[in-house]
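*Asks:* Here's my sequence, what's the structure:
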Amino acid sequence: MNEGRRRGLSRRSFLKALSAAAAAGAGMSLPSRAAGAATAGGLATLIDLSLCDGCPDRAMPACVAACRDLNKDRIPPIKEPIPEPWPQKRVEDWSRRREVFDRLTPYNFLYVHRAELEEGGRKRTVFVPRRCMHCDNPACATICPFSANHKFETGAVVIDQDLCFGGAKCRDVCPWAIPQRQSGVGIYLHVLPSLAGNGVMFKCDLCQDRLLAGKRPVCIDACPTHAMIIGPRREIYAEARRRAQAMGGHIYGDKENGGTSTLYVSPVAFSLLDGTMKREPGRPDMKPHPRRMAQTDPAGKAVLSSPLWGIVAGTAGAFWSLRRRRDRRNDNGGGEGK
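*Replies:* Here you go, the predicted model:
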């Protein structure tokens with residue numbers, strides 16, 4: 001593979017796609033039904049499992065370390081004691097387990113699964129970076145009762161921390177159960193803390209702020225083997241097909257859950273990789289998940305039609321969002337909030 005292919009598609013095409021997204025309203029979210037069509041001009045990422053080696057010379061894979069460093073201050077101090085939500089009384093607190101990096105947590109948006117398998121009579125090891133798939137038609141964005149989850153023109157699916165109540169419906173409908181909850185933070189503490197939520201949901205946002213600044217996600221820049229690339233969606237899909245054909249391999253993400261903005265190419269079948277994965281909290285599998293959008297539309301409408309949730313989400317959400325943005329401006333010396 002030539003060096004240009006290893007490093008990914010040209011920066012020019014990457015910036016061109018970003019400019020197109022900005023012209024279409026990169027800072028604006030998309031209605032769920034329009035998201036699939038709009039992503040045709042957005043960005044997508046490609047993860048080539050034939051190149052990922054798990055960073056054997058490092059204590060932590062470079063992509064994971066870069067992501068953790070960027071997001072280390074994202075979660076504010078935890079309010080203690082954390083209110084117990086009614087009726088489940090289930091608190092999810094990772095604030096004392098921030099060092100965990102072998103699964104998804106509110107403090108860890110990316111991890112690398114090590115797959116030990118046998119194919120054709122020989123043993124081999126394949127490393128699989130796992131994080132949000134950034135679906136074309138994300139069920140999580142449809143069902144969120146507080147409109148805190150959005151699909152953007154860039155291709156990223158982003159949770160707004162200022163609006164999220166931590167109800168975890170996004171995790172319930174996600175085929176991979178990607179979003180993770182941290183209790184004791186967020187807007188719910190200011191609005192019926194034992195009844196109106198349970199924290200904030202966190203996940204990879206594809207480094208949306210960096211994308212809007214013309215930069216690539218930190219995991220992609222950090223990868224020493226160039227196993228991750230990002231570029232215009234059509235080019236990434238074409239590159240995935242080219243690489244899969246060249247290695248006699250397989251593609252994942254183009255059809256799962258109706259299509260995603262994240263593609264994997266692998267020299268071994270994803271069914272074999274899935275066989276090495278035990279689905280459990282924070283560790284998704286790689287089964288061929290069918291589209292779930294249609295099933296979540298009625299549920300989302302039912303939740304959003306509730307007068308109580310409408311009042312709580314609308315009034316409290318606006319208040320808290322304005323307050324948070326004001327505090328950020330003050331922290332920045334009166335400048336524009338980040």
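*Asks:* just for the stretch 1-150 of the chain, where's the confidence low?
*Replies:* Within the stretch 1-150 of the chain, the ranges that satisfy pLDDT under 70 run 1-41.
*Asks:* 80 - rerun?
*Replies:* 1-41, 87-88 (pLDDT under 80).
*Asks:* what about the strands in it?
*Replies:* 29-30, 43-48, 111-119, 122-130, 149-152 (DSSP state E, counting those that start in this stretch).
*Asks:* Hey, what's the angle from the second one to strand 122-130? Just curious.
*Replies:* The directions of strand 43-48 and strand 122-130 differ by 160 degrees, with axes from the mean of the first three to the mean of the last three CA atoms, to 10 degrees as the criterion.
*Asks:* Let me have the strands of the stretch 1-150 of the chain in CSV, extended by distance to R242 and mean neighbour count.
*Replies:* The C-beta positions use only the backbone N, C-alpha and C, and glycine is treated the same way. Shown next, in CSV, are those (distance: least, CB to CB, whole Å; neighbours: other CB atoms under 10 Å):
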stretch, distance to R242, mean neighbour count
strand 29-30, 29, 20
strand 43-48, 10, 26
strand 111-119, 22, 15
strand 122-130, 20, 16
strand 149-152, 27, 25
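*Asks:* export those to CSV and tack on distance to C204?
*Replies:* Converted to CSV, those look like this (distance: least, CB to CB, whole Å):
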stretch, distance to C204
strand 29-30, 17
strand 43-48, 10
strand 111-119, 11
strand 122-130, 10
strand 149-152, 13
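*Asks:* What are the boundaries of the helices in the stretch 151-300 of the chain?
*Replies:* 169-173, 208-212, 218-222, 233-247, 270-274, 293-304 (DSSP state H, counting those that start in this stretch).
*Asks:* Kindly reformat those helices as TSV containing distance to L51.
*Replies:* Converted to TSV, the helices of the stretch 151-300 of the chain look like this (distance: least, CB to CB, whole Å):
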stretch	distance to L51
helix 169-173	30
helix 208-212	22
helix 218-222	12
helix 233-247	10
helix 270-274	15
helix 293-304	32
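*Asks:* P129: which of the ones you listed is closest?
*Replies:* Across the helices of the stretch 151-300 of the chain, P129 has its closest neighbour in helix 218-222 (7.5 Å, CB to CB).
*Asks:* what's that closest one packed up against?
*Replies:* On a contact count with 3 or more CB pairs under 8 Å, 6 or more residues apart in numbering; DSSP states H and E, helix 218-222 meets helix 62-71, strand 228-232.
*Asks:* sorry, back to before: out of the strands of the stretch 1-150 of the chain, flag the one nearest K255.
*Replies:* Closest among the strands of the stretch 1-150 of the chain, once you apply CB to CB, is strand 43-48, at 13.8 Å.
*Asks:* Specify the angle between the closest one and strand 228-232 in degrees.
*Replies:* Using the same axes, to 10 degrees: strand 43-48 against strand 228-232 is 150 degrees.
*Asks:* To P193, which of the helices of the stretch 151-300 of the chain lies closest?
*Replies:* Comparing the helices of the stretch 151-300 of the chain against P193 with CB to CB, the closest turns out to be helix 169-173 (18.4 Å).
*Asks:* what's the offset of that closest one from the middle of its chain?
*Replies:* Its chain's C-alpha centre and that of helix 169-173 lie 13 Å apart, by CA atoms, centre = their mean, to the nearest Å.
*Asks:* Give me the buried stretch members for that helix, please.
*Replies:* Judged by neighbour count using 16 or more other CB atoms under 10 Å, the buried positions of helix 169-173 are 169-171, 173.
*Asks:* which secondary structure elements does it contact?
*Replies:* Under the contact rule (3+ CB pairs under 8 Å, 6+ apart), helix 169-173 is packed against helix 139-143, helix 293-304.
*Asks:* Which of those has the lowest mean pLDDT?
*Replies:* Mean pLDDT is lowest for helix 293-304 out of those, coming in at a mean of 48.
*Asks:* ok, back up a step: closest to Y111 out of the helices of the stretch 151-300 of the chain?
*Replies:* Of all the helices of the stretch 151-300 of the chain, helix 218-222 comes closest under CB to CB, at 11.1 Å.
*Asks:* now what about that closest one, what contacts it?
*Replies:* Helix 218-222 is contacted by residues 8, 45, 62-67, 69-70, 110, 129, 131, 207, 210, 215, 228-230 when judged by CB atoms under 8 Å, 6 or more residues apart in numbering.
*Asks:* one step back: got JSON lines for the helices and strands packed on helix 218-222, with distance to R97 and mean neighbour count too?
*Replies:* Output for these, formatted as JSON lines (distance: least, CB to CB, whole Å; neighbours: other CB under 10 Å):
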{"stretch": "helix 62-71", "distance to R97": "13", "mean neighbour count": "19"}
{"stretch": "strand 228-232", "distance to R97": "26", "mean neighbour count": "24"}
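*Asks:* Fine, thanks again, bye for now.
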